[in-house]
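1. here's a sequence, model it:
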Amino acid sequence: MSAALGSTPRRLRLLLIQPENRRIHEFRRRQLNNFAQVTMPYLAGYVDQSAYEVALVDEYHDAIPYAQDWDLVALTVNTPNASHCYDISERFRGRGIAVVMGGPHATLLPDEVGAWCDHLVVGEAESTWPEFLADFARGRAQPRYQSTRVPTLAGIPRPRWDLLRRSRTMKSAVVASRGCPYRCRYCNLKQIYHDALRTRPVAEVVAELAVSRSRFFVFWDDNLFADRGYAERLLRAVAPLRRRWAAQVTLRDCDDEELLQLARQAGCQYLFIGLETFSAGSLKDAGKRINPLAQYDRIIGAIHAHGIMVQAGIVFGFDSDTVDVFSQTLSACERLGIDGVTASMLIPLPGTPIHRQFAAEGRLLTKDWTAYDGKTAVAFQPAGLTVDQLMAGYAWFRRNFYSLRSFLRRMRVSRTRPLVNFVMNLGYWRGVRAHRN
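-> Have a look, this model is predicted:
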């Protein structure tokens with residue numbers, strides 16, 4: 001029956017891809033502590049199901065269905081996955097399938113990314129993504145959509161977790177706020193988001209968590225404690241759900257006895273804290289003056305006293321770092337009882353002050369974005385180390401930090417959730433061992 005006689009138009013087939021290049025996949029595949037990425041399930045929540053039939057692929061688990069027929073393929077592009085995303089796009093576009101790209105790298109370098117796709121979504125996508133989808137369904141989509149106004153987090157849709165094939169080790173994520181008031185020199189938040197800290201209505205966060213089947217989740221926020229008043233209201237509201245969770249915060253914002261007490265009562269298991277370094281010189285290089293180096297012992301001790309583990313972000317390769325930084329960092333972590341570490345080599349992400357400095361000094365070693373993952377390659381010339389020393393020292397630190405000997409030393413200080421702590425460390429140890437092999 002023709003459309004003129006009242007037939008229902010065919011729904012367009014939309015494929016959402018959460019990409020992961022082979023190098024990062026090999027790095028992550030044996031770890032037990034991987035969280036489901038929220039970006040694509042969240043964007044799927046905006047899709048008009050009367051207009052689109054939507055599927056979601058996360059390359060951590062699934063192969064991309066290149067042979068199937070799609071009307072539109074959407075990719076979120078971060079910097080280390082950029083080249084991989086371009087290859088994916090070429091395969092689909094070679095079959096005449098339209099590709100739309102967005103994400104951090106598309107926002108940082110829109111002209112570059114735009115050359116590899118049919119449509120581009122630049123910046124935060126709460127208004128532009130639905131607008132693009134509506135235009136595409138009507139056959140009038142534009143080449144570029146750019147966020148010009150600060151979007152609110154009120155009324156955002158719940159992520160479509162039902163579209164994602166998940167393993168038992170994958171945990172859920174929820175968004176409560178976006179943005180960070182601080183300006184670290186290596187961080188690209190100020191470049192990829194509007195410069196405004198926003199919070200989501202507490203009742204909406206609680207309602208989303210209440211229907212989730214997962215007993216453990218992570219707040220997918222840049223800095224959960226950045227708005228202290230909001231954090232207090234949120235923690236009080238989350239506590240009755242009796243869930244366990246983790247979040248990213250700054251150490252300075254943890255210097256708050258009442259907030260730590262509320263976090264413990266609300267089910268906080270661990271906090272990811274960007275310590276970055278134990279060197280005053282390297283903190284200055286990082287532009288992270290908010291880290292009170294002289295107070296590390298006291299604040300970390302207070303976090304542990306509330307039964308909360310500390311997952312520290314550590315970065316190697318700042319200009320003040322020398323060959324001693326790896327052993328000194330390990331000793332400091334053991335002395336403070338740091339429960340876990342997410343260690344990286346410095347990444348000069350495009351658009352950041354660090355990238356501009358290194359570019360001006362001629363210290364960028366490659367334009368191959370695959371090298372900008374902070375895990376498997378070095379993309380710049382360090383000041384106080386050779387590239388080989390940075391790579392070897394980074395591997396040495398991870399291998400020794402996640403050894404049984406170091407775990408026992410750290411646990412004598414932390415004494416926080418020993419069983420959970422052991423499982424978390426075991427997960428990273430498996431990852432380190434797999435990477436060595």
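2. which stretches of the stretch 301-437 of the chain have low pLDDT?
-> Low-confidence segments of the stretch 301-437 of the chain (pLDDT under 70): 430-431, 433-437.
3. let me see the ranges of the strands in it.
-> Ranges of strands in the stretch 301-437 of the chain, per DSSP state E, counting those that start in this stretch, are 309-316, 340-345.
4. most neighbours per residue, which of those?
-> Of all the strands of the stretch 301-437 of the chain, strand 309-316 has the most neighbours on average by mean count of other Cβ atoms under 10 Å, namely a mean of 23. Every C-beta, even on glycine, is put in place using the N, C-alpha and C of the backbone.
5. show me what it is packed against.
-> When contacts are defined as 3 or more Cβ pairs under 8 Å, 6 or more residues apart in numbering; DSSP states H and E, strand 309-316 sits against strand 268-276, helix 296-305, helix 325-336, strand 340-345, helix 387-401, helix 418-436.
6. could you redo the last one with a cut-off of 6 Å?
-> strand 268-276, strand 340-345 (3 or more Cβ pairs under 6 Å, 6 or more residues apart in numbering; DSSP states H and E).
7. tell me which residues are up against the next helix or strand after the longest one.
-> Tracing the chain C-terminally past strand 268-276 and defining elements by DSSP states H and E, one meets helix 280-286 next. Residues outside helix 280-286 that contact it (Cβ atoms under 6 Å, 6 or more residues apart in numbering) are 184, 185, 186, 276, 277, 291, 293, 318, 319, 320, 321.
8. now intersect these with the helices, please.
-> Among those, the subset assigned to helices under DSSP state H is empty.
9. Serialize these to TSV and add fields for neighbour count and distance to residue 417.
-> Formatted as TSV, the contacts of helix 280-286 follow (neighbours: other Cβ atoms under 10 Å; distance: Cβ to Cβ, whole Å):
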residue	neighbour count	distance to residue 417
184	23	29
185	17	34
186	23	30
276	23	24
277	27	26
291	23	24
293	16	26
318	25	31
319	19	37
320	16	34
321	26	31
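10. touching, residue 300 and residue 335? I think so.
-> No: when contacts are counted by Cβ atoms under 6 Å, residue 300 is not listed as touching residue 335 (10.1 Å).
11. count of neighbours near the nearest residue to residue 323 once chain neighbours are set aside?
-> In this structure, residue 323 finds its nearest non-sequential neighbour in residue 389, 5.7 Å apart by Cβ to Cβ, 6 or more residues apart in numbering. Burial of residue 389 is recorded as 19 neighbouring residues (other Cβ atoms under 10 Å).
12. check residue 165 too.
-> For residue 165, using other Cβ under 10 Å, the count is 12.
13. in three-state terms, label residue 247 for me.
-> Here residue 247 is recorded as strand under DSSP: H, G, I helix; E, B strand; the rest coil.
14. right, I mislabeled it, should have said residue 101
-> Following three-state DSSP, the label given to residue 101 is strand.
15. quick check: the residue lying closest to residue 288 once chain neighbours are set aside vs residue 14, distance?
-> Closest residue to residue 288 apart from its sequence neighbours, by Cβ to Cβ, 6+ apart: residue 184 at 5.0 Å. Residue 184 sits 36 Å away from residue 14, going by Cβ to Cβ, to the nearest Å.
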